[in-house]
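Q: Need the 3D shape of this:
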Amino acid sequence: MAFAVQSTPPDPSGLFTTVVERYGSLPVYEAIGAAVFDEAQAHLAARDQEPNKTGFPKQHFWEQIARGTRQEVDSNGVTLVFPYPMRAKVLGATIKPVKGKYLTIPAIAAAYGKRAGEFDGLQFAIVDGVGPALVTEGPEAMVVYRLVRQAVLPADPNALPPSGRLLDSAVRAIREIPL
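A: Numbering: from 1, shown residues only. Presented below is the predicted three-dimensional model:
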């Protein structure tokens, strides 16, 4: 499943219409598509350079989104198609467990990007100030995962490139087409 964003550039100067009349819409949209795709890739690469908010090792989420992003071009326009996880970043989401009662939220860096089943000896406990958790065994028990019934992800206003940058890329691509 994918998440798509589509737009048609405004044409107050008539340049878009002039170029389309001369070359047809498909080659024009191909040029726009390439420019907008490159802008989106640059944005995602920049996002991937940002530090992890929790300080945990990076999982390169934005790099994975960039690799899975594609453009679809036809005579009606350009569509950027992002991998499905981008939808949660753009719109926000409530994530609930599919199996079991809880989601596991890493509490330590070693747990980040791993499933609870990859750790030996974790035990369920109710921990003061944390609530339900999976902890290590022993007298010095350490919380490895917090357990929650759902996670609410807020929309990330910076998930997509600013529309002005995408529009500027589209306009530059149109202006580079010889008349």
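Q: Phi, psi for residue 153 please.
A: phi -100, psi 120 (degrees, to the nearest 10).
Q: Tell me the spacing between it and residue 118.
A: As judged by Cβ to Cβ, to the nearest Å, residue 153 and residue 118 stand 23 Å apart. Quick note: C-beta positions are derived from backbone N, CA and C, even for glycine.
Q: care to break this structure down by domain?
A: Annotated domains of the chain cover 2-92+155-175, 95-151 [automatic domain parsing].
Q: deepest of those, which one?
A: Most buried of the domains of the chain, by mean neighbour count (mean count of other Cβ atoms under 10 Å): domain 2-92+155-175, with a mean of 16.
Q: which residues of this protein score low on pLDDT?
A: By pLDDT under 70, the low-scoring segments of the chain are 1-10.
Q: And for this structure, the residue most distant from the center?
A: Here the chain reaches farthest from its C-alpha mean at residue 139, the gap being 40.7 Å by Cα atoms, centre = their mean.
Q: Specify the beta-bridge partners of residue 152.
A: Listed beta-bridge partners, residue 152: residue 94 (assigned using DSSP bridges).
Q: thought it was touching residue 103?
A: No. Assessed by Cβ atoms under 8 Å, residue 152 is found out of contact with residue 103, at 11.0 Å.
Q: any shared contact partners between the two?
A: Common neighbours of residue 152 and residue 103 (criterion: Cβ atoms under 8 Å, 6 or more residues apart in numbering): residue 95.
Q: do you know how far the residue nearest to residue 175 when sequence neighbours are not counted is from residue 179?
A: Sequence neighbours aside, residue 15 is the residue nearest to residue 175 in space, at 7.0 Å (criterion: Cβ to Cβ, 6 or more residues apart in numbering). Distance, residue 15 to residue 179, by Cβ to Cβ: 9 Å.
Q: got it, and residue 87?
A: From residue 87 to residue 179 the distance is 39 Å (Cβ to Cβ).
Q: Can you classify the residue farthest from the centre of the chain by secondary structure?
A: Secondary structure assignment for residue 139 (DSSP: H, G, I helix; E, B strand; the rest coil): coil.
Q: list the contacts for it?
A: So residue 139 contacts nothing (Cβ under 8 Å, 6+ apart).
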